[in-house]
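> Below are the sequence and a predicted model; questions follow.
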Amino acid sequence: MSDLSAQKCEACRADAPKVSDEELAVLIKQIPDWVPEVRDGIMQLERVFKFKNFKLALEFTNKVGAMAEDEGHHPGLLTEWGKVTVTWWSHSIKGLHKNDFVCAAKTDDVFAAL
Ligand SMILES: C[C@H](O)[C@H](O)[C@H]1CNC2=NC(N)=NC(=O)C2=N1
């Protein structure tokens, strides 16, 4: 478990600050497999996870979904044969909050524990 994944998501209001470029540079080092990407003008974190078949991809999807419900923070999940694309961003602030890095690290832990 990393320093980030040991943390809990905090309530994120519409006026919560987005992660700055300097904070992003520090945080991304803790989740090196994630790629920051701007989609529809919104900065997001994305990682593609590979699996041997659809059943394992779906099992991972459900575990990430359960973790998200536990955290009260929810990702984009695209489940396909042999891969799951996970995308984290904070809808309330239309960008990245510390919560997204915490949940990305927790997603890595879910994958590592499969
Ligand atoms: C009311 C509820 O807490 C909010 O809608 C939560 C739910 N899950 C969420 N998930 C994400 N990724 N961003 C949010 O802003 C968000 N808001």
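Cool, got the structure. Numbering: from 1, shown residues only.

> Which positions in stretch 25-39 come out as buried?
For stretch 25-39, the neighbour count (16 or more other Cβ atoms under 10 Å) marks Leu27, Ile28, Gln30, Ile31, Trp34, Pro36 as buried. Where you see a C-beta, it was placed from the backbone N, CA and C, and this is true even at glycine.

> can you list contacts of it?
Residues from elsewhere that reach stretch 25-39 (Cβ atoms under 8 Å, 6 or more residues apart in numbering): 2-4, 19, 24, 43-47, 87, 96, 98, 101, 104-105, 108.

> Would you mind writing the CA trace of it as CSV?
Output of stretch 25-39 as CSV, limited to C-alpha atoms (Å, rounded to 0.1, in the frame of the first residue of the first chain):
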residue,chain,number,x,y,z
ALA,A,25,4.2,16.7,-10.8
VAL,A,26,4.8,15.4,-7.2
LEU,A,27,1.6,13.2,-7.0
ILE,A,28,2.0,11.5,-10.4
LYS,A,29,5.4,10.1,-9.3
GLN,A,30,3.5,7.9,-6.8
ILE,A,31,1.3,6.5,-9.6
PRO,A,32,3.7,6.2,-12.5
ASP,A,33,1.5,4.0,-14.7
TRP,A,34,-1.3,6.7,-14.9
VAL,A,35,-1.4,9.2,-17.7
PRO,A,36,-2.8,12.7,-17.2
GLU,A,37,-5.0,13.5,-20.2
VAL,A,38,-7.2,16.4,-21.1
ARG,A,39,-10.6,15.3,-22.4
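
> The longest helix seen in the chain near the ligand anywhere?
Longest helix in the chain, counting residues (DSSP state H): helix 54-71. No. Judged by Cβ under 6 Å from any ligand atom, helix 54-71 and the ligand are separated, with a smallest distance of 7.6 Å.

> what pLDDT, on average, does the helix or strand that comes right after that helix get?
Next in sequence after helix 54-71, counting helices and strands by DSSP states H and E, comes strand 76-80. Strand 76-80 shows a mean pLDDT of 98.
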